[in-house]
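Trainee: The following block contains a protein sequence and its predicted model.
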Amino acid sequence: MFNVCVIGLGYVGLPILINLSKKFNPVGYDINEQRIQDLKRGIDIFNEFKKEELKRKKITFTSSIKSIKKSNLYIITVPTPISNKKLPDLRHLEDVCNNLSKIIQKNDIVIFESTVYPGLTNNFCIPLIEKNNNLKEGLDFFVGYSPERVNPGDKNHTLKNINKILAYPHNYKKKELIKMYSLLSKKIIFSKNIRETETAKVIENIQRDVNIGLINEFYLVCKKLNLNFNNVIKLASSKWNFIKFKPGLVGGHCLPVDPYYFSYISKKNNFNTKITLAGRTINNLMTTIIEKEIVQKLKKIDPKKNKKILFCGLTYKKDVADLRNSLALQIFKNLKKNNKKMKGYDPVLNNVISRKNNLVISMNEFKKFDIYIVVTNHSTIALNLKKLNKKKIIINILN
Ligand SMILES: NC(=O)c1ccc[n+]([C@@H]2O[C@H](COP(=O)([O-])OP(=O)(O)OC[C@H]3O[C@@H](n4cnc5c(N)ncnc54)[C@H](O)[C@@H]3O)[C@@H](O)[C@H]2O)c1
């Protein structure tokens, strides 16, 4: 039986912890004390879990490293962002590994889930864990890698509905580990190779980023050529192997970040990637294009700037309460510079965050605007817009 500890209780770590509590008595550790206090009180600021699920007796939440010492299986789900220079920012992983090096015991297992570049687990994480002790990975303790594919807010591709890769090049408690990971997935795809698994994860996201970049480019060119983009796509989709991506804003913690991890390690190995980063430029350019489109529409509809405008949907993706790298939020902030009275609204966000950002919360207030700009089209926004009277103007970009 494992004494499991999940390190990093964000979008990825918390669902893992909750699912493990069905069979184990897991400990959840996070350096963010506020997050731990909230979780202890049954509050998930990302609105993914209800109080009853967080208050399960079997779960212990802590921000004290001492309290996780008794664990023998550590699952690491800390952020792997990029720096201002768009290079891998490994501070969180470094911090975790340094802490682990002080508490790791013989026969402990550590599984990394954070998205990284090929080779990082072996070349960066393991040496750090081995630093403050006499233990050797592969002999005394054991490391594996199981990338996360969960798509927050996606009701179809939940933890239990998707296949998960587990890379574990050891025999020690292999069967038990696979059994435990089966609680966290539909099916386990087992691999002995950590580097191949790291690569598989990062290229899954790059492929998506590049494909969205390409469809965004088609969308922009169609506009320039005065072509109906939807009609064009309908025609092209009649071919059996045309892949139907949707144009849109790409944000969040994965797609805008992962291509830089891959191109970084590629460059280190004397190859400058040619396509990996191609999606990045065009996908970021979409912000300016959409912003311009909104400004032009507003000029026509509200030339005197006396109408009350509500910007709906600020998070990076439909039905996901995540503001990280949100291009919708960026557009809202830019538009607000010239429309001081414009307000924001995002029903997916927790009320505490909405209040902090001075956003509209109540339905009563929601109804009082003249123009509604929708960029991230959350299901609740679509429903709420239907409740408005017909005189209201709705600018629904990209949807
Ligand atoms: N969010 C997603 O949809 C998604 C999907 C697949 C993979 N991933 C990957 O999973 C990893 C985690 O992403 P996330 O979205 O859950 O991040 P997150 O920011 O939501 O959560 C990370 C948590 O780790 C905590 N943390 C940071 N440093 C720590 C430390 N030293 N010790 C303990 N806790 C620490 C933070 O306080 C935070 O609560 C990243 O590598 C990401 O690329 C994310």
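Mentor: Sure thing, it's come through.

Trainee: Which stretches in the stretch 51-200 of the chain count as helices?
Mentor: In the stretch 51-200 of the chain, the helices defined using DSSP state H, counting those that start in this stretch lie at 51-54, 91-103, 120, 126-129, 174-182, 194-224.

Trainee: and these as a markdown table, adding mean neighbour count, distance to Phe311 and mean pLDDT?
Mentor: Where you see a C-beta, it was placed from the backbone N, CA and C, and this is true even at glycine. Converted to a markdown table, the helices of the stretch 51-200 of the chain look like this (neighbours: other Cβ atoms under 10 Å; distance: least, Cβ to Cβ, whole Å; pLDDT from 0 to 100):
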| stretch | mean neighbour count | distance to Phe311 | mean pLDDT |
| --- | --- | --- | --- |
| helix 51-54 | 14 | 31 | 92 |
| helix 91-103 | 18 | 32 | 97 |
| helix 120 | 24 | 38 | 98 |
| helix 126-129 | 18 | 44 | 98 |
| helix 174-182 | 16 | 42 | 96 |
| helix 194-224 | 19 | 21 | 97 |
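
Trainee: what about Asn151, how many residues close to it?
Mentor: Using other Cβ atoms under 10 Å, Asn151 has 17 neighbouring residues.

Trainee: Is the residue most central in space within the chain part of a helix or strand, or is it coil?
Mentor: Taking Cα atoms, centre = their mean, the centroid of the chain lies closest to His253, which sits 4.3 Å from it. Secondary structure assignment for His253 (DSSP: H, G, I helix; E, B strand; the rest coil): coil.

Trainee: From here on, call the first residue 302.
Mentor: Got it, the first residue is 302 from now on, which makes the last one we talked about His554.

Trainee: my guess is it meets Asp623, correct?
Mentor: Yes. Between His554 and Asp623 there is a contact under Cβ atoms under 8 Å: 7.3 Å.

Trainee: shared neighbours of the two, which are they?
Mentor: Common neighbours of His554 and Asp623, counting by Cβ atoms under 8 Å, 6 or more residues apart in numbering, are Tyr312.

Trainee: ok, for Cys306, nearest residue in space, not its chain neighbours?
Mentor: Ser372 (3.7 Å; Cβ to Cβ, 6 or more residues apart in numbering).

Trainee: Tell me, how many residues neighbour the one you found?
Mentor: 23.

Trainee: The stretch 452-601 of the chain: strands as residue ranges?
Mentor: With strands called from DSSP state E, counting those that start in this stretch, the stretch 452-601 of the chain shows them at 464-468, 488-492.

Trainee: Just the mean pLDDT for stretch 324-341, thanks.
Mentor: Averaged across stretch 324-341, pLDDT comes to 97.

Trainee: no wait, stretch 458-468
Mentor: 91.

Trainee: Need the residues that contact that stretch.
Mentor: The contact list for stretch 458-468, computed with Cβ under 8 Å, 6+ apart, reads 316-317, 320, 412, 445-452, 478-479, 482, 485-495, 497-499, 501-502.

Trainee: Would you pull up the residue in this structure closest to the ligand?
Mentor: Gly311 (1.7 Å; Cβ to the nearest ligand atom).

Trainee: Tell me if that residue really is in a helix.
Mentor: No. Applying three-state DSSP, one finds Gly311 to be coil, outside a helix.

Trainee: My guess is it contacts Pro382. True?
Mentor: No. Using Cβ under 8 Å, Gly311 makes no contact with Pro382, being 11.6 Å away.

Trainee: Test for you: state the pLDDT assigned to the residue of the chain positioned farthest from its centre.
Mentor: Distance from the centre of the chain peaks at Lys605, with 39.6 Å (Cα atoms, centre = their mean). Lys605 carries a pLDDT value of 89.

Trainee: If I look at the residue nearest to Cys306, what pLDDT would I see?
Mentor: 98.

Trainee: Which of the strands of the stretch 452-601 of the chain sits closest to Leu599?
Mentor: When these are compared by Cβ to Cβ, strand 464-468 sits nearest Leu599, at 45.4 Å.

Trainee: quick one: buried residues of the closest one?
Mentor: 465-468 (16 or more other Cβ atoms under 10 Å).

Trainee: would TSV of the residues you listed with distance to Asn585 be doable?
Mentor: Formatted as TSV, the buried residues of strand 464-468 follow (distance: Cβ to Cβ, whole Å):
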residue	distance to Asn585
Lys465	30
Ile466	29
Leu467	34
Ala468	32
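
Trainee: Quick check: residues of the chain near the ligand?
Mentor: 308-314, 330-333, 336, 378-381, 393, 396-397, 415-416, 449, 451, 453, 554-555 (Cβ under 6 Å from any ligand atom).

Trainee: List buried residues within those residues.
Mentor: Judged by 16+ other Cβ under 10 Å, buried ones among these: 308-314, 330-332, 336, 378-381, 393, 397, 415-416, 449, 451, 453, 554-555.

Trainee: To Asn639, which of the strands of the stretch 452-601 of the chain lies closest?
Mentor: strand 464-468 (46.4 Å).

Trainee: Dump that closest one to PDB, restricted to CA.
Mentor: Provided in PDB are the C-alpha atoms of strand 464-468 (Å, rounded to 0.1, in the frame of the first residue of the first chain):
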ATOM      1  CA  ASN A 464      -5.600   7.000 -21.500                       C
ATOM      2  CA  LYS A 465      -2.500   7.900 -19.500                       C
ATOM      3  CA  ILE A 466       1.100   7.000 -20.200                       C
ATOM      4  CA  LEU A 467       3.200   5.700 -17.300                       C
ATOM      5  CA  ALA A 468       7.000   5.500 -17.800                       C
END
